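Enquirer: After the sequence you'll find the predicted model.
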Amino acid sequence: MNKEQDILRWFNGELSAEEIKSLYPDEDFSVLERTGFYAKQLEAPKVNAEQALADFKKRTFKKDEPKVISLNFKTFMKIAAVLVVLLTSSYFLFFNNVNSFETQIAQTETFNLPDDSEVILNAQSKLSYNKKEWASSRSLELKGEAFFKVTKGEKFTVQTSAGSIQVLGTRFNVKQRDKYFEVACYEGSVSVTSNQGVVILKPGKTFRVVDGEVVGIKDFNAKSPSWLAQESSFDNVPLWQVIAELEAQYDIQINAEGVNTSELFSGSFTHSDKNIALQSVTIPLKLSYKINGKKVAFYNYESK
């Protein structure tokens, strides 16, 4: 006999409770025991043994149903945060091929590109390139100022918001600040493409665009940019650009209200002493200044 027949015999009194439990010690017969008890208390209707067995089978022999996990909001947010971290990490490990370098106020950084070209990044500047595409296209993006020593090879391109610079192998400096764009060639030749057209620079030549207007090509005698020696030099540059460079090299904010910031300045200032730097700029222009913490005010002598 099988289990179902034995259960029916027990329910009909043909097997005792002890006998059925000894035959199937791992089964729970409490449901059928209660059914049998109540059946004996009633005259009619009689208990349907077949239905009782069916109910018992549903409870005892059916497969476990999958459990539904209930998550509260905090648990859900924790799991979501973990997934975001995992996905972000995967992106940067496997899909993000952009390599970036960035400097802060008064900071410079020197590093080498995949082709062993050297880059020196000036303060408050950012440079980025696609390392996966570098072998086929030596191209990078620059915001700020950098000096390049490019190894010979395929075309080398520096992209800026003001224009692009292309070389084969040379030493040059690119400066792209707000409303100011300047390229200086120290070795080889440089092709500069901007909204104003294309110019070719030879060693000792610099090309400048100020506030959208081409200043022209000028000569210079330096063998390298002055900022590499912790000094900023200018040749007929508007004061507002000199102020911007002071703010890039020192953690200060300069207010020049009432001062003619379009006046041209020729000279230099050191990166190692704030007071000397401010004097180097203000004295030649017959200006004075006042320091209040990180704030500096420029004013004319008569406004003192």
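Expert: Great, that's in hand. Residues are numbered from 1 along each chain as shown.
Enquirer: Contact partners for residue 260?
Expert: residue 239 (CB atoms under 8 Å, 6 or more residues apart in numbering). Quick note: C-beta positions are derived from backbone N, CA and C, even for glycine.
Enquirer: again, 10 Å this time
Expert: 238, 239, 240, 285, 287, 300 (CB atoms under 10 Å, 6 or more residues apart in numbering).
Enquirer: I figured residue 158 was touching residue 150, is that so?
Expert: Yes. Shown here, residue 158 and residue 150 form a contact pair, counting by CB atoms under 10 Å, at 9.4 Å.
Enquirer: shared neighbours, these two?
Expert: 119, 138, 167, 172, 190.
Enquirer: Show me those residues that map onto strands.
Expert: Of those, the ones assigned to strands by DSSP state E are 119, 138, 167, 172, 190.
Enquirer: so the closest residue to residue 164 other than its chain neighbours is in which element?
Expert: Closest residue to residue 164 apart from its sequence neighbours, by CB to CB, 6 or more residues apart in numbering: residue 193 at 4.9 Å. Assigned by DSSP states H and E, residue 193 falls within strand 190-194.
Enquirer: Quick one: mean pLDDT over that strand.
Expert: Here strand 190-194 scores 94 as its mean pLDDT.
Enquirer: Who are the packing partners of that strand?
Expert: The contact analysis (3 or more CB pairs under 10 Å, 6 or more residues apart in numbering; DSSP states H and E) places strand 190-194 against strand 156-159, strand 163-167, strand 171-177, strand 180-187, strand 197-201, strand 205-210.
Enquirer: Hmm, the residue nearest to residue 164 is touching residue 181, no?
Expert: No. The criterion here is CB under 10 Å, and residue 193 misses it with residue 181 at 11.5 Å.
Enquirer: What residues sit buried inside the helix or strand harbouring residue 234?
Expert: Residue 234 belongs to strand 231-238 when assigned by DSSP H and E. Residues of strand 231-238 classed as buried under the neighbour-count rule (16 or more other CB atoms under 10 Å) are 231, 232, 233, 234, 237, 238.
Enquirer: Then stretch 284-293?
Expert: 285, 287, 288, 289.
Enquirer: Repeat that for stretch 111-129.
Expert: 113, 117, 119, 120, 121, 122, 123, 124, 125, 127, 129.
Enquirer: And for stretch 235-254?
Expert: 237-250, 252, 254.
Enquirer: try stretch 295-304
Expert: In stretch 295-304, counting by 16+ other CB under 10 Å, buried: 296, 297, 298, 299.
Enquirer: repeat for stretch 250-270
Expert: For stretch 250-270, by 16+ other CB under 10 Å, it's 250, 252, 254, 256, 259, 261, 265, 268, 269.
Enquirer: Please name the nearest non-neighbouring residue to the fifth one.
Expert: Nearest residue to residue 259 in three dimensions, chain neighbours excluded: residue 298, at 5.0 Å (CB to CB, 6+ apart).
Enquirer: and for the helix or strand hosting the one you found, what are the contacting residues?
Expert: Element membership of residue 298 [criterion: DSSP H and E] is strand 295-300. With contact meaning CB under 10 Å, 6+ apart, strand 295-300 is reached by 239, 243, 246-247, 250, 252-261, 274, 278, 281-282, 285-291, 303.
Enquirer: so what strands line up beside that strand?
Expert: Strand pairing for strand 295-300, using DSSP bridges, gives strand 253-255 (parallel), strand 287-292 (antiparallel).
Enquirer: can you list the domains in this protein?
Expert: The chain breaks down by automatic domain parsing into domains covering 3-60, 98-229, 231-304.
Enquirer: how about low-confidence regions in the protein?
Expert: 1, 3-4, 10-12, 26-96, 302-304 (pLDDT under 70).
Enquirer: hmm, try it at 80
Expert: Segments of the chain classed as low confidence (criterion: pLDDT under 80) are 1-96, 301-304.
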